[in-house]
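In: coords below, sequence missing:
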């Protein structure tokens, strides 16, 4: 479909600009004394109007000879021949129309016949303008198409990344847990078995929610609780878990494993950096359409740097942005030896419709 | 009798090491430590032969702790869940590197290697400290011992370093810390895009340099943001200009 004819607004804009150019041509002829103002408008106006549609055909020329692809020599020939042909057509129509209009404006046909070369030049110029315009439209459409393709590709790449992310269980968590189980087998076999079961539950839950796009907050919190129960066996009394959860929030949905990286960070940067122990506090509140989840932990600001810091937060932020845009946020910052990660997202009871 | 110290912040991890060691009657566990500070203090006091060392720990990590220890005759076996430190561990002549969870057989093999090492002539003293970080990995923190205390100086808070014979004097936020290390070995381990040796006796944090002034015919002075004046040698000046120009 022709891009200018395709949209009414574009066509109106094109015709307005075109008639302004045509008015300029008429004015030049009038000022040069070739025609009077009224007869110029009456005789030339309708012809230029028709001509404007004829010039829309240059679209096909532009499409056939894309800039930067077609050979320059061919381009030059095409760009000279097409406006010349169109302009010749325009002059022919004009003279026919002038002969007809001579009934009301005596002698207008003869006067215009004298201005033949100027009229041809004007028509040539208008057709050339139309071609330039079409090339601009063509470039604009191509770039918009490319942008759209790029956005789609970016989205697909992010989706893939998120899927991989969700399925991922931190391997060091697994290795350290297995090492704790190994220790417990001789010290306290019953607790070793308990830890095996907690770890299995955690893995099963993680795998189960990996494919879903949304889970109930209650499920996400159960997963976090399960994870912390495993870590509590590993860190013994050093890890204190505090919960402050409003039960009415449990039925709202969240992207699966959204809270999990925050809880894992709280352990990795909290209790693991403090030999005397640390707390992890999780709170959930829902009010006025928003769900607010906070994970807090104390930590040692002077602790040795840990690898892969910040990646978990970055991923949570990206997932929130992809899903809720500006409606959701994650604020995470240390303050006075306590790290606080606060999530705020729309309280929804079902997966948002796409 | 081999005297061993177990260092791990997790009770259960220490319990595994203790249990596995109990099968070796010639090894006595003389102490257990739960973080890097304790490790440094205990090793200096008790001078053990064998160190079973975790890497990620509170306060100081295993590598940082080792740096403060006169490793002399110490056989170090790393016990960690992370495999990415193995290269570094062997670069500092660790006896072995065990990945958690490990079997009794694997643990015994490491102890066997430690025994063999302890029977040999000790490795060159200072090797451990000299290469406590592998190549391509620059210090983010510098640990300095001051009597019973340990100071941790963050690299980005380090303003400049001055050589004093076998010591370096670290200047950070108006304070000064003396560390037994040569300026060249410290230079190697600082990030060269942030720190530059501008003189035989000085390393400067490039972000602190305010301006450069001529001094004698062949030398210049670097003036730091806090007004400190540091000597700049002729070759140091060429490098400094290049670095500052590159930073814009």
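Out: That came through, no problem. A quick note: this is a predicted structure, and the numbers were derived from the prediction, not measured.

In: what strand or helix carries residue 223?
Out: Since you didn't name a chain, this refers to chain A. Mapping residue A:223 onto the secondary structure by DSSP states H and E places it in helix A:217-235.

In: oops, I was thinking of chain B
Out: Assignment of secondary structure by DSSP H and E places residue B:223 within strand B:220-224.

In: pLDDT on the helix or strand just after that strand, on average?
Out: On the C-terminal side of strand B:220-224, the nearest following helix or strand under DSSP H and E is strand B:229-232. For strand B:229-232, mean pLDDT is 92.

In: ok, then the element right after the helix or strand of chain B with the lowest mean pLDDT?
Out: Sorting the helices and strands of chain B by mean pLDDT, DSSP states H and E puts helix B:127-130 at the bottom, at a mean of 48. Read in the C-terminal direction, the helix or strand following helix B:127-130 is strand B:141-146, with elements assigned using DSSP H and E.

In: sheet-wise, list the partners of that following strand with their directions.
Out: Based on DSSP bridges, the strands next to strand B:141-146 in the sheet, each with its direction, are strand B:149-154 (antiparallel).

In: low pLDDT regions in chain B?
Out: Applying pLDDT under 70 to chain B picks out residues B:120-136, B:248.

In: show me the domain layout of it.
Out: In the domain annotation for chain B, the residue ranges read B:2-130, B:142-247 (automatic domain parsing).

In: so which of these is the most surrounded?
Out: Mean neighbour counts were taken over these using mean count of other CB atoms under 10 Å in any protein chain shown, and the top value, a mean of 19, falls to domain B:2-130. For the C-beta atoms, the positions are set from N, CA and C on the backbone; glycine is no exception.

In: gap between it and the chain center?
Out: Centroid separation between domain B:2-130 and its chain, computed with CA atoms, centre = their mean, to the nearest Å, is 15 Å.

In: neighbouring contacts of the host helix or strand of residue A:60?
Out: Using DSSP H and E, residue A:60 maps to helix A:58-64. For helix A:58-64, the external contacting residues (CB atoms under 8 Å, 6 or more residues apart in numbering or on different chains) are A:2-4, A:70, A:78, A:82, A:86, A:127, A:130-131, A:134-135, A:138.

In: quick one: buried residues of it?
Out: When burial is assessed from 16 or more other CB atoms under 10 Å in any protein chain shown, helix A:58-64 yields the following buried residues: A:58-59, A:61-62.

In: check these and tell me the two furthest apart.
Out: Between all members of the buried residues of helix A:58-64, the longest pairwise span (CB to CB) is found for A:59 and A:61 and amounts to 7.2 Å.

In: so where is chain A shaky, pLDDT-wise?
Out: The model of chain A has pLDDT under 70 over residues A:160-167, A:307-310, A:351-354.

In: if we use 50, what do you get?
Out: Low-confidence segments of chain A (pLDDT under 50): A:353-354.

In: up against chain B, what does it have?
Out: Residues of chain A found near chain B (CB under 8 Å from any CB of the partner chain) are A:172, A:175-176, A:178-184, A:186-187, A:233-236, A:272-275, A:300, A:302-307.

In: just the buried residues from these, in ChimeraX please.
Out: Those of those that count as buried under 16+ other CB under 10 Å are selected in ChimeraX with:
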select /A:172,175,176,178,179,180,181,182,183,184,233,234,235,272,273,274,275,300,303,304
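
In: what kind of secondary structure is the residue in the stretch 1-150 of chain A that chain B sits nearest to in?
Out: Proximity of the stretch 1-150 of chain A to chain B (CB to the nearest CB) peaks at residue A:150, 31.2 Å away. Three states are possible here, and by DSSP: H, G, I helix; E, B strand; the rest coil the one that applies to residue A:150 is helix.

In: re earlier: possible to save the buried residues of helix A:58-64 as CSV with distance to residue B:11?
Out: Converted to CSV, these look like this (distance: CB to CB, whole Å):
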residue, distance to residue B:11
A:58, 82
A:59, 78
A:61, 82
A:62, 77
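
In: tell me which parts of chain B are close to chain A?
Out: Proximity of chain B to chain A is assessed by CB under 8 Å from any CB, with B:9-13, B:15-16, B:19, B:34-36, B:38, B:56-61, B:64, B:81-82, B:84, B:99-102, B:140-141, B:152 identified as the residues in range.

In: these in helices, which ones?
Out: Residues of those located in helices (DSSP state H): B:11-13, B:15-16, B:19, B:36, B:38, B:64.

In: how far away is the residue most central in space within chain A from residue A:320?
Out: By CA atoms, centre = their mean, the mean C-alpha position of chain A lies nearest to residue A:151, the distance being 5.5 Å. With distances taken as CB to CB, to the nearest Å, residue A:151 is found 19 Å from residue A:320.

In: separation between the residue nearest in space to the middle of chain B and chain A?
Out: Ranked by distance to the mean C-alpha position of chain B (CA atoms, centre = their mean), the top residue is residue B:67 at 3.6 Å. In this structure, residue B:67 and chain A are 12 Å apart, going by CB to the nearest CB, to the nearest Å.

In: swap in residue B:96?
Out: Look at residue B:96 and chain A: by CB to the nearest CB, they are 16 Å apart.

In: what ranges does the stretch 201-350 of chain A have for its strands?
Out: Under the criterion DSSP state E, counting those that start in this stretch, strands of the stretch 201-350 of chain A are mapped to A:215-216, A:239-245, A:253-254, A:278-287, A:290-298, A:329-335, A:338-346.

In: out of those, which is the most enclosed?
Out: Burial among the strands of the stretch 201-350 of chain A, expressed as mean neighbours by mean count of other CB under 10 Å, is greatest for strand A:253-254, which shows a mean of 24.

In: so which residues make contact with it?
Out: The contact list for strand A:253-254 (CB under 8 Å, 6+ apart) reads A:214-217, A:220, A:291, A:293, A:345, A:348-351.

In: again, only this time at 10 Å
Out: Contact with strand A:253-254 is made by A:212-221, A:284, A:291, A:293, A:320, A:323, A:328, A:343, A:345, A:347-352, as judged by CB atoms under 10 Å, 6 or more residues apart in numbering or on different chains.

In: list the contacts for the residue of chain B positioned farthest from its centre?
Out: With CA atoms, centre = their mean as the measure, chain B has its most outlying C-alpha, relative to the mean C-alpha position, at residue B:217: 38.8 Å. With contact set as CB under 10 Å, 6+ apart, residue B:217 has these partners: residue B:234.

In: can you tell me the SS state at it?
Out: Assigned by three-state DSSP, the conformation of residue B:217 is coil.

In: that one and residue A:259: what is the separation?
Out: For residue B:217, the distance to residue A:259 equals 67 Å [CB to CB].

In: again, but for residue A:31
Out: The spacing between residue A:31 and residue A:259, counted by CB to CB, is 77 Å.

In: more neighbours, the two?
Out: Looking at residue A:31 and residue A:259 with other CB atoms under 10 Å in any protein chain shown, you find the greater number of neighbours at residue A:259, namely 23 against 10.

In: hmm, the more buried one is touching residue A:280, no?
Out: No - counting by CB atoms under 10 Å, no contact exists between residue A:259 and residue A:280, whose distance comes to 11.6 Å.

In: who touches both of these two?
Out: With contacts taken as CB under 10 Å, 6+ apart, residue A:259 and residue A:280 have A:224, A:295 as neighbours in common.
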